[in-house]
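Trainee: sharing a model that was predicted from the sequence below.
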Amino acid sequence: MKKLLLALVIIVGAVGIATSQAPQQLQNGGVITAASSDCSVLNSCVILPNLGAAVSTIIVTTSPTTVSAFAADLRFEASYDGLSWLPVYGTRLGAIHPLALRPVNGAVSTGQWQINAANFASFRVRGNQTIFGNANVLIKAIP
């Protein structure tokens, strides 16, 4: 009887391990075509809400929506409560030049940036000023 019970515990444990999934990666994407100071203008922000305590890093990727380039001033902002937004700084991934390695609180070109997001409830990329073109924005939260 003990052997049967032990075998059952092992089987149930193995099934539980086999069906467990990796933590779901949070992400949101969109196109920024306008500018605003508070995201009240349609298509002026891409927001990733409800980050949770497990998120430590945000990766932001920007690219043009067509083959041509875009020119815009995109700002990185985070919130503890979803109401008040603060500028946050990130470093460009893959940068080689020392000046490109300095932390910045926004993007003016295509690329990827890494931002420390520990303890924030929400993160957004806001169109501060658009000159021409549309910017694709993808925000990924990494535990």
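Mentor: Sure thing, it's come through.

Trainee: burial check on residue 62, number of neighbours?
Mentor: 22 (other Cβ atoms under 10 Å). Where C-beta positions appear, they are placed from N, C-alpha and C, glycine not excepted.

Trainee: from one end of stretch 50-63 to the other, what's the distance?
Mentor: 25 Å (Cα to Cα, to the nearest Å).

Trainee: gap between the strand ranked longest in the chain and the chain center?
Mentor: If you go by DSSP state E, the chain has its longest strand at strand 122-132. Centre-to-centre, strand 122-132 and its host chain are 14 Å apart (Cα atoms, centre = their mean, to the nearest Å).

Trainee: other SSEs contacting the following helix or strand past it?
Mentor: Counting by DSSP states H and E, the next helix or strand C-terminal to strand 122-132 is strand 135-142. For strand 135-142, the elements it packs on are strand 26-32, strand 45-48, strand 57-64, strand 71-79, strand 122-132, judged by 3 or more Cβ pairs under 8 Å, 6 or more residues apart in numbering; DSSP states H and E.
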